[in-house]
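Student: generate coordinates for the sequence data below:
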Amino acid sequence: MKLLRVLKKSLVPLFAFLYRILCRLVPVDRHMILFLAFHGRSCSDNPRAIYEAMQKDPQFSGYRFVWVLRSPEQETIPGASVIRYLSLSYFFHLARAKVWIFNCKMPVYLYKKKNQIYLQTWHGTPLKKLGHDIDAAPGQTFYRSGLSYEQMCATYDTDSARYDAMISPNAFCTEVFPHAFGIQPEKLIETGYPRNDFLSSCTEEDVQRIRRELGIPAGKKVILYAPTWRDDSWQASGYTFDLKADFRKWKEKLGPDTVVLFKPHYLIVNRFRDDPDLKDFLISVPADSDIRELYVVSDALVTDYSSVFFDYGILRRPVYFYMYDLESYAGDLRGFYMDIETELPGKIYRQEESLLEDLAAGEFDDSRYPVFTKRYNNREDGHAAARVLDWLAGRLNAGTGPEDS
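Tutor: Numbers count the residues shown, from 1 in each chain. As a prediction, this is how the structure comes out:
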């Protein structure tokens, strides 16, 4: 594996050189917009919400939309062309598109022309420290590639230097992102997250449709369990997750009137076998599914260090934090941006038994929500996508230089 990492690293300059040649040969199409979410794993998150808003906005009539997916044959996106991630077509469209709308950090070998627009939407308000803010231990490495702290920070610096703008979902991120990503504050646009507009606009018909699609029986209470990945748990194919939830015990404690939706983080590669004894109780949701639909059908959320609770908090519903490995996570991995004992909008649980007792009883104290909402959801009013499109239309109308440079 170490040899493979070294080989990949040695090829980066060659990729960068070849891609720059391609950029010189391919002129920019001022009416093409390229979308990428989670390195092509799905059509989802902020890029999807922006795309859906564009389709309804007359400012973007006449534009060509291109989505990048790892398995384009498995998904049809109405109104858009779909190309394969890391294919020749992908690199051609990178060089060709006027606008990039991405939600993830891009490889260092990519080159953005001066007359292209790179809008970075990112994908969450961070609880865990990011980039330059990580409290790295001496000799600590990052990601499966084993980058040093300095190398890891350099990947953020390289990408953020290419941004024309980065979306900030709230006042907190407007403070944090400049030093975490190494980005100039003036590049931030505090719009709220477009993906969360749905949480303000969804109807009862939407809720019932999603419940039917997921196979949730009418009248049952729904618990969403959405844990995140661990930086130090991985194998050759990606990050893994050691499940510390005994769902048989959950079924026993929560009773027949409850359904649990289990959605792991998109970076987690190991799969969890179906247990026939949990039929009609546990519904495993694909890791790359659009989580905003799971939010609106859930009566409560159970998570750990994932940023999902920031978005879920818009609904002001109960959140339970199952942090069974809190000491090792906080001390050995990344550290947190907030005082989790006093600022989280819900209680921290170290033991599964006490978590299940409170879930079964519906025990939840929502007294922290007003302060939490003011700091972390101050822009979530259902109009984030419109603010993003207004910014982008202004940039497009202003022009960014010769179309073929």
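
Student: select the longest strand from the chain.
Tutor: For the chain, the longest strand by residue count, based on DSSP state E, is strand 29-36.

Student: any buried residues in the very next helix or strand once past it, and which?
Tutor: Where DSSP states H and E defines the elements, the next helix or strand beyond strand 29-36 is helix 45-56. Residues 45-54 are the ones in helix 45-56 that count as buried (16 or more other C-beta atoms under 10 Å). C-beta here means a position set from N, CA and C on the backbone, and glycine is covered the same way.

Student: tilt between helix 45-56 and strand 29-36?
Tutor: Here helix 45-56 runs at an angle of 140 degrees relative to strand 29-36 (axes from the mean of the first three to the mean of the last three C-alpha atoms, to 10 degrees).

Student: what does helix 45-56 contact?
Tutor: Residues outside helix 45-56 that contact it (C-beta atoms under 8 Å, 6 or more residues apart in numbering): 33, 35-38, 43, 60, 63, 65, 67, 77, 79-80, 101-103, 121-123, 167, 193-195, 197-198, 290, 384-386, 388-389.

Student: try 6 Å
Tutor: For helix 45-56, the surrounding residues in contact (C-beta atoms under 6 Å, 6 or more residues apart in numbering) are 35, 37, 60, 79, 101, 103, 121, 123, 193-195, 385, 388-389.

Student: kindly format the C-alpha coordinates of it as CSV.
Tutor: Only the C-alpha atoms of helix 45-56 are listed here, as CSV (Å, rounded to 0.1, in the frame of the first residue of the first chain):
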residue,chain,number,x,y,z
ASP,A,45,-26.2,18.0,-1.3
ASN,A,46,-25.8,21.7,-2.1
PRO,A,47,-24.9,21.2,-5.8
ARG,A,48,-28.2,19.3,-6.3
ALA,A,49,-30.2,22.0,-4.6
ILE,A,50,-28.5,24.7,-6.6
TYR,A,51,-29.1,22.7,-9.8
GLU,A,52,-32.8,22.3,-9.0
ALA,A,53,-33.1,26.0,-8.3
MET,A,54,-31.3,26.9,-11.6
GLN,A,55,-33.8,24.8,-13.6
LYS,A,56,-36.6,27.1,-12.3
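
Student: quick one: it to chain centroid distance?
Tutor: On the basis of C-alpha atoms, centre = their mean, to the nearest Å, helix 45-56 sits 15 Å off its chain's mean C-alpha point.

Student: now it: mean pLDDT?
Tutor: For helix 45-56, the mean pLDDT works out to 97.

Student: okay, now the closest residue to residue 264 other than its chain neighbours: neighbour count?
Tutor: With sequence-adjacent residues excluded and distances taken as C-beta to C-beta, 6 or more residues apart in numbering, residue 264 is closest to residue 287, at 4.9 Å. Residue 287: 20 surrounding residues under other C-beta atoms under 10 Å.

Student: what's the pLDDT at residue 287?
Tutor: Looking at residue 287, its pLDDT is 75.

Student: next, format the contacts of helix 45-56 as CSV and append pLDDT and neighbour count.
Tutor: Formatted as CSV, these follow (pLDDT from 0 to 100; neighbours: other C-beta atoms under 10 Å):
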residue, pLDDT, neighbour count
35, 98, 26
37, 96, 27
60, 97, 20
79, 96, 11
101, 98, 26
103, 97, 24
121, 98, 24
123, 93, 21
193, 98, 31
194, 98, 26
195, 97, 27
385, 98, 25
388, 98, 25
389, 98, 19
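
Student: including secondary structure and distance to residue 160, could the residues you listed go into TSV?
Tutor: TSV is the format used below for the contacts of helix 45-56 (DSSP: H, G, I helix; E, B strand; the rest coil; distance: C-beta to C-beta, whole Å):
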residue	secondary structure	distance to residue 160
35	strand	20
37	coil	19
60	helix	26
79	coil	30
101	strand	16
103	coil	14
121	coil	13
123	coil	15
193	coil	18
194	helix	20
195	helix	21
385	helix	23
388	helix	18
389	helix	22
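
Student: ok, so of those, who is nearest residue 349?
Tutor: residue 123 (25.8 Å; C-beta to C-beta).

Student: surely the closest one touches residue 103?
Tutor: Yes: judged on C-beta atoms under 6 Å, residue 123 makes contact with residue 103 at a distance of 4.6 Å.

Student: how far is the longest strand of the chain from where the chain is centred?
Tutor: Offset of strand 29-36 from its chain centre (C-alpha atoms, centre = their mean): 21 Å.

Student: mind checking how far stretch 342-352 is from the chain centre?
Tutor: So, by C-alpha atoms, centre = their mean, the centroid of stretch 342-352 is 22 Å from its chain's centroid.

Student: domain ranges for this structure?
Tutor: Here the domain assignment for the chain is 2-192+382-398, 204-376, based on automatic domain parsing.

Student: mind checking the end-to-end distance for the last one?
Tutor: The stretch domain 204-376 measures 26 Å between its terminal residues, going by C-alpha to C-alpha, to the nearest Å.

Student: and if you look at stretch 19-30?
Tutor: Across stretch 19-30, the terminal residues are separated by 20 Å (C-alpha to C-alpha).

Student: quick check: mean pLDDT of it?
Tutor: Averaged over stretch 19-30, pLDDT sits at 95.

Student: and for stretch 350-357?
Tutor: Computed over stretch 350-357, the average pLDDT equals 96.

Student: check the offset of it from the chain's centre.
Tutor: Distance of stretch 350-357 from its chain centroid, counting by C-alpha atoms, centre = their mean, is 28 Å.

Student: for the stretch 101-250 of the chain, give me the ranges with low pLDDT.
Tutor: Flagging of the stretch 101-250 of the chain using pLDDT under 70 yields the residue ranges 144, 229-242.

Student: quick one: residues contacting the residue most central in space within the chain.
Tutor: In the chain, the residue lying closest to the centroid (C-alpha atoms, centre = their mean) is residue 123, at 3.2 Å. Residue 123 makes contact with 45, 103 under the criterion C-beta under 6 Å, 6+ apart.

Student: do residue 303 as well
Tutor: For residue 303, the contact set (C-beta under 6 Å, 6+ apart) comprises 226, 309.
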